[in-house]
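# got a sequence here, can you build the structure:
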Amino acid sequence: MRRLIVWGLVVSGLTAACSSVDCPLNHTVSTNYVLQGRVDTLSDTLTITTLRADNTDTVLINRNVATTGFDLPVSYVRNEDVLVLTLVGKNNAVTRDTVWVNKTSRPHFESVDCGMSYFHTLKGVRSTRHALDSVVLKNTEVTYDATKEHFHIYFKSGH
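Numbers count the residues shown, from 1 in each chain. Below is the predicted model of the structure:
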């Protein structure tokens, strides 16, 4: 009887060891934008929208106040993501800028239990310049590493 119990414990221990999954704790892939320059905190209210694959728009950030930076998801199928930044000032003046992020995407697979993600290589960025002064690409690789700053974004004074 003791042998049967010991065998049962050994088999259940081996089964548990084989079923452990080493998925990363942070399974999110996003770009990190950090405000730099004279305006490192927005006084205006910020909303960011983009287009989905089916050409319907979606809100990524809604009415963010006192922004110093933000994280945004990256599309899997498009070679260029288009972001529309809408700023509403204290006097209700509305300013819109468009940011185009050119990139390539590649599938990243670790195991069946973790599912597939997409990593990205950022190729370039351009923008309109109504409230924005410039957007500078700082790190081209977008992976699970949430500590990397991908873009430094500079706003004109008064925002």
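# low-confidence ranges in this protein?
Scanning the chain with the threshold set as pLDDT under 70 gives 1-22, 24-27.
# same thing but at 50, please
Applying pLDDT under 50 to the chain picks out residues 14-19.
# what strands flank the longest strand along it, and is each parallel or antiparallel?
Counting residues, the longest strand in the chain under DSSP state E turns out to be strand 94-109. Strand pairing for strand 94-109, using DSSP bridges, gives strand 80-88 (antiparallel), strand 116-127 (antiparallel).
# and the ones you listed, which is most packed in?
Neighbour counts (mean count of other Cβ atoms under 10 Å) averaged over each of the strands paired with strand 94-109 peak at strand 80-88, with a mean of 18. The C-beta positions use only the backbone N, C-alpha and C, and glycine is treated the same way.
# which other residues reach that one?
For strand 80-88, the surrounding residues in contact (Cβ atoms under 8 Å, 6 or more residues apart in numbering) are 42, 44-51, 60, 72, 74-75, 94-103, 131-132, 159.
# cutoff 6 Å now
Defining contact as Cβ atoms under 6 Å, 6 or more residues apart in numbering, one finds that strand 80-88 is touched by 44-50, 75, 94-102, 131, 159.
# need the CA coordinates for it. CSV is fine.
Output of strand 80-88 as CSV, limited to C-alpha atoms (Å, rounded to 0.1, in the frame of the first residue of the first chain):
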residue,chain,number,x,y,z
GLU,A,80,1.5,52.2,-40.7
ASP,A,81,-0.5,53.2,-37.7
VAL,A,82,-2.3,56.5,-37.8
LEU,A,83,-3.0,58.3,-34.5
VAL,A,84,-5.1,61.4,-34.1
LEU,A,85,-4.3,63.5,-31.1
THR,A,86,-7.0,65.9,-30.0
LEU,A,87,-6.2,68.5,-27.4
VAL,A,88,-8.9,70.6,-25.7
